[in-house]
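> Build me a structure from this.
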Amino acid sequence: MTGFQLTEMLFFSLVILLFASDASCQTVVTYSSKYSEKLLCPITHLTVSATWSDAITGNILASYRQEKSDFEFGPPDSKHDNFHYAVSSTSFTLEIQPVEAEDEGKYICNTVGANTINVYNVSVEVLVKPTVQYESQDVDVLDGIVGTSYEHFHVLAKPTVMNGSQDVDALNVIAGTSYDLTCSATGARSESDLSLVWDPSLVVKTPLSITPNGDDYKDYSITSTYTAVRGDSNITCKLTGYVMQDEINDQRMEHISHTVNLNVQYAPVCNMSILDWEDCREVTLTCECDAVPDGITQYSFFNGSNNRNDGTSNTLTVLVAYETSSEFSCSATNDIGPGVQADAKDHDCRMPVESGGLTTGAIVGTIVAVIVVVVFLVIAMMTCKRGNEPGIEKHEMQDPTTDGAEQPEVTHIGTDEQGDEGALPTQPLNTRKSVDGGHLN
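Purely as a prediction, here's the structure:
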C-alpha cells in the first residue's frame, strides 16, 4: 500500500468518526489461550464499505468494499498477526485466533451506507488464565494448557483442615455436638485477594485472616464452627476468588479445596409397633431403631412412665387385663448413649362378646323395656275394665221444685242372678234442690 493510500484511509476514518450518524459500544470479555473470539460488525446489503481499526493507535486493520472481493489491510503489525477477517451478508467479522494477552484493547468498526455512517466501538478485555502450581510443582494436567506460560500466573494452594492440632481428612462426630474447624491455605498467589468458604456454610468463629508470605504470596486462614447433623456426609473448604472461577473444572477444584468425610454418630432413634393377638390381653411390642453405630446394647419398654422390661431383644410380649387401656413405648441404647423414648402407642382391651349372647348393657335395657310395656298394658286393662262394667245405670233427675209430684221410675238394665236379661227392681230417685232451680247432673 502506498503512502497516499494510507493517508487516504486515515483521513477517511477520521471523517467517519467525526460525522457518524450512529454509534454503539460493546465490551467483549475473553481469556488468554482461548481458541477463538469473534468481534462482529453489522452490515446490510446497503453497506458500501466497512473498516476495522485500532482505536488506540488509529491504525487501520482491514477494510471491506462492496465492489471488491478482496480485503484491504493496513500496515503490517506483529501485534495483530493473529487477526482474521470474514464477511457475510450480515457481518464484517474480526476473528482473534488464538486469543493472546496482547489483544486486549479498543477497536472500531466504521460502516458507510448510502445515506448513513455507523460506528461500532468494541472493548476487548483479556483475562489471564492462570497456570497452576501445587506444593511448588507445576500442575500440567489442567484445562488443556500444558506447556503454556503467561506473564501473570496464580499459585493455587490446597487448603488443609484442622480439628484442634490435628489435620483431618475424616472425622467422627456426634450429632448435636459442635466442633471448631480451621481451614488454611498457605502460599497462594493471586492478583487479587482470595477467600476461604465452607460448603455447606458454617458459622464463622474467627474471621478470615490474610498474612503476607514472601513476594506476592499470602497465607489464608479461617476458623468456623461445625455442628454435626444426622445425615451429613462431608464438608468442604474451598479457596475462591480466581479469575474465571466458572472455568474451574473438577481437576482444578481438587487442588483448591479440601473435603472432610464425616461419620456422624447418634443415639438410637426408635419407633414402636404393636401386634394384637386374638385375645387382646396378649400384646407383642416391637422396637425398631436407627442408630450409628448400629449395635444396640439395650432395649427398654414402657407402659406409661413405668419401665416394663430392659433387655437385648427388640420385641416383648406382655399380658394386660380386660377393660384396661395402656400406653406402650420404647427406647434403645448404643455406644453413644440412650436415645429419646419413642412416641407412645395406645392399646385398649375390652371384654369379648360371646356369639349369640347379649352384653350386660343390652340385658339391662331389655329388662327396662319389658317393665315399661307391662306397666302400660296394666294401665290399659284397668281403663278398659271401668268402661265395660255390667249394669250400666241411667239416671233421670226430677226437678226438685216439684215436691210431692210423682217420681219417675228408674229402670235398671242388667242381668239377674241367673244371667238372664230383664228388668231389675226399681228404686225412687232422690232429688235435691239446686241453687238456681235447675238440675244437677
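> Tell me if I'm right that residue 122 and residue 106 touch.
Yes: Residue 122 lies in contact with residue 106 (C-beta atoms under 8 Å); the separation is 7.1 Å. Heads up, the C-betas are built off the backbone N, CA and C, glycines and all.
> Who has more neighbours out of the two?
residue 122 (20 against 14; other C-beta atoms under 10 Å).
> Packing partners of the host helix or strand of the more buried one?
Assessed by DSSP states H and E, residue 122 sits inside strand 117-127. Secondary-structure packing of strand 117-127 (3 or more C-beta pairs under 8 Å, 6 or more residues apart in numbering; DSSP states H and E): helix 3-19, strand 22-31, strand 37-42, strand 105-112.
> any idea where the helices of the protein begin and end?
Secondary structure of the chain (DSSP state H): helices at 3-19, 250-255, 360-387.
> Comparing those by mean pLDDT, which bottoms out?
For the helices of the chain, mean pLDDT drops lowest on helix 3-19, to a mean of 45.
> Tell me the buried residues in the longest strand seen in the chain?
Longest strand in the chain, counting residues (DSSP state E): strand 257-276. Buried residues in strand 257-276, counted by 16 or more other C-beta atoms under 10 Å: 257-260, 262, 264-270, 272.
> Residue 183: which of the residues you listed is nearest?
Of all the buried residues of strand 257-276, residue 183 sits closest to residue 258, with 6.9 Å by C-beta to C-beta.
> who's the closest one bridged to?
Note on residue 258: beta-bridge partners by DSSP bridges are residue 237.
> Parallel or antiparallel, which strands does the strand holding residue 122 pair with?
strand 22-31 (parallel), strand 105-112 (antiparallel).
> of these, which approaches residue 61 most closely?
Short answer: strand 105-112, nearest of these by C-beta to C-beta, at 7.5 Å.
> what is the rounded mean pLDDT of the closest one?
Strand 105-112 comes out at a mean pLDDT of 93.
> Restricting the selection to alpha carbons, write the strand holding residue 122 to CSV.
Extracted in CSV, the C-alpha atoms of strand 117-127 (Å, rounded to 0.1, in the frame of the first residue of the first chain):
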residue,chain,number,x,y,z
ILE,A,117,-22.3,6.2,8.7
ASN,A,118,-22.3,3.9,11.7
VAL,A,119,-19.5,3.5,14.3
TYR,A,120,-19.2,0.4,16.5
ASN,A,121,-16.8,0.5,19.4
VAL,A,122,-15.7,-2.8,20.8
SER,A,123,-13.6,-3.1,24.0
VAL,A,124,-11.8,-6.4,24.4
GLU,A,125,-10.8,-7.5,27.9
VAL,A,126,-8.4,-10.4,28.0
LEU,A,127,-8.3,-12.2,31.4
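> So what does the closest residue in space to residue 36 that isn't next to it in sequence look like in phi/psi?
Counting by C-beta to C-beta, 6 or more residues apart in numbering, residue 36 lies nearest to residue 97, which is 4.5 Å off, once chain neighbours are set aside. Phi and psi for residue 97, reported as degrees, to the nearest 10, are phi -150, psi 110.
> Hmm, residue 35 and residue 97 touching each other?
Yes: using C-beta under 8 Å, residue 97 makes contact with residue 35 at a distance of 6.7 Å.
> who has more neighbours, the two?
Higher neighbour count among residue 97 and residue 35: residue 97, with 13 against 9, using other C-beta under 10 Å.
> Next up, the contacts around the more buried one.
By C-beta atoms under 8 Å, 6 or more residues apart in numbering, the contact set of residue 97 is 35-37, 82, 84.
> hmm, back to that, single out the most deeply packed of the strands paired with strand 117-127.
Among those, strand 105-112 has the highest mean neighbour count (mean count of other C-beta atoms under 10 Å), at a mean of 22.
> now the angle from that one to strand 37-42?
If you take axes from the mean of the first three to the mean of the last three C-alpha atoms, to 10 degrees, strand 105-112 sits at 30 degrees to strand 37-42.
> from now on call the first residue 767
Noted, 767 is the first residue going forward, which turns the last one into strand 871-878.
> mind showing which ranges of this structure have poor pLDDT?
767-789, 797-799, 894-922, 957-958, 1007-1021, 1119-1128, 1150-1207 (pLDDT under 70).
> Show me the domain layout of it.
Following automatic domain parsing, one finds the domains of the chain at 769-893, 898-1021, 1033-1115.
> so which of those domains comes closest to residue 1133?
domain 1033-1115 (22.4 Å).
> Can you get me a residue count around residue 955?
There are 19 residues near residue 955, going by other C-beta under 10 Å.
> Kindly apply the preceding question to residue 971 instead.
14.
> what's near enough to touch residue 1116?
1046, 1088-1089.
> Would you list the phi and psi of it?
Phi and psi for residue 1116, reported as degrees, to the nearest 10, are phi -120, psi 150.
> From residue 1101, how far off is residue 1059?
Counting by C-beta to C-beta, to the nearest Å, the gap from residue 1059 to residue 1101 is 6 Å.
> Name the residues contacting each of the two.
Joint contacts of residue 1059 and residue 1101 (C-beta under 8 Å, 6+ apart) are residue 1031.
> Send me stretch 1130-1149 as PDB with only the CA atoms.
Below are the C-alpha coordinates for stretch 1130-1149, written out as PDB (Å, rounded to 0.1, in the frame of the first residue of the first chain):
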ATOM      1  CA  VAL A1130     -80.500 -54.200  81.400                       C
ATOM      2  CA  GLY A1131     -82.100 -52.300  78.500                       C
ATOM      3  CA  THR A1132     -84.300 -55.200  77.600                       C
ATOM      4  CA  ILE A1133     -85.500 -55.600  81.300                       C
ATOM      5  CA  VAL A1134     -86.400 -51.900  81.400                       C
ATOM      6  CA  ALA A1135     -88.300 -52.100  78.200                       C
ATOM      7  CA  VAL A1136     -90.300 -55.200  79.400                       C
ATOM      8  CA  ILE A1137     -91.200 -53.400  82.600                       C
ATOM      9  CA  VAL A1138     -92.400 -50.300  80.700                       C
ATOM     10  CA  VAL A1139     -94.500 -52.500  78.400                       C
ATOM     11  CA  VAL A1140     -96.000 -54.400  81.300                       C
ATOM     12  CA  VAL A1141     -97.000 -51.200  83.200                       C
ATOM     13  CA  PHE A1142     -98.500 -49.800  80.000                       C
ATOM     14  CA  LEU A1143    -100.600 -52.900  79.500                       C
ATOM     15  CA  VAL A1144    -101.800 -53.000  83.100                       C
ATOM     16  CA  ILE A1145    -103.000 -49.400  82.900                       C
ATOM     17  CA  ALA A1146    -104.700 -50.000  79.600                       C
ATOM     18  CA  MET A1147    -106.600 -53.000  81.000                       C
ATOM     19  CA  MET A1148    -107.700 -51.200  84.100                       C
ATOM     20  CA  THR A1149    -109.100 -48.400  81.900                       C
END
